[in-house]
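Chemist: Prediction below, plus the sequence it came from.
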Amino acid sequence: MRHNKKFNHLGRTASHRNAMLANMACSLIKHKRITTTVAKAKALKKFVEPLITKAKDDTTNSRRVVFSNLQDKYAVTELFKEISVKIADRPGGYTRIIKTGNRLGDNAEMCFIELVDYNENMAKEKVAKKATRTRRSKKSAAAETAAPVAEAPAAEEAKAE
């Protein structure tokens, strides 16, 4: 029975899994987007989001806690200097998983996981949708096309007189 066993072991020992998740988290922090399998991305999301939340308050203790998980001082510096400033007002949900299809070799489900605030394309699309939203009906379009046709014979009669 698997009572209270909630996380995916990913077919690895505990030390291998922790090292892999730490490396993937460092890559995500440095590059803002990485490509991986869906299972690893879901495990990474559970690993990295508490670290990003911890980075919101820049104290010595929180830096030490994050460094003990990541073991990369450049990633910790980037997390506390740049990322924490951008996500300061966000209450959670710092990462996004977008599925990209299956891998050719073994047909594994692939995706990319990215930091939400660093994808400008997604932000621009949302703003553009709100700005260009208009309500159009077929009736008003038909009335506009019919009105100039009705006016045209009257104009021709005026010219003839």
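Modeler: The structure has been received and is ready for your questions.
Chemist: Strands of this structure, start to end?
Modeler: 33-37, 95-102, 109-115 (DSSP state E).
Chemist: burial measure for residue 40, as a count.
Modeler: The local packing count at residue 40 equals 20, with neighbours defined by other Cβ atoms under 10 Å. Yep, even glycine has a C-beta here, placed from its N, CA and C like the rest.
Chemist: For residue 119, give me its contacts.
Modeler: Residues in contact with residue 119, defined by Cβ atoms under 8 Å, 6 or more residues apart in numbering, are 33, 96.
Chemist: one step back: pick the most deeply packed of the strands of the chain.
Modeler: Each of these was given a mean neighbour count from mean count of other Cβ atoms under 10 Å, and the largest, a mean of 18, is that of strand 109-115.
Chemist: Give the pairing partners of that strand; include direction for each.
Modeler: Listed by DSSP bridges, the sheet partners of strand 109-115 and their directions read strand 33-37 (antiparallel), strand 95-102 (antiparallel).
Chemist: Dihedrals phi and psi, residue 8?
Modeler: phi -80, psi 130 (degrees, to the nearest 10).
Chemist: Might one say that it is in contact with residue 45?
Modeler: No - Residue 8 sits out of contact with residue 45 when judged by Cβ atoms under 8 Å, with a separation of 11.2 Å.
Chemist: okay, these two: which has more neighbours?
Modeler: residue 45 (16 against 13).
Chemist: Tell me how many other residues crowd residue 108.
Modeler: Other residues lying near residue 108 total 13 when counted by other Cβ under 10 Å.
Chemist: Check the gap between it and residue 41 for me.
Modeler: As for residue 108, its distance to residue 41 is 11 Å (criterion: Cβ to Cβ, to the nearest Å).
Chemist: same check, this time on residue 88
Modeler: With the distance defined as Cβ to Cβ, residue 88 ends up 25 Å from residue 41.
Chemist: and the two? which has more neighbours close in?
Modeler: Just comparing residue 88 and residue 41: by other Cβ under 10 Å the higher neighbour count belongs to residue 41, 24 against 10.
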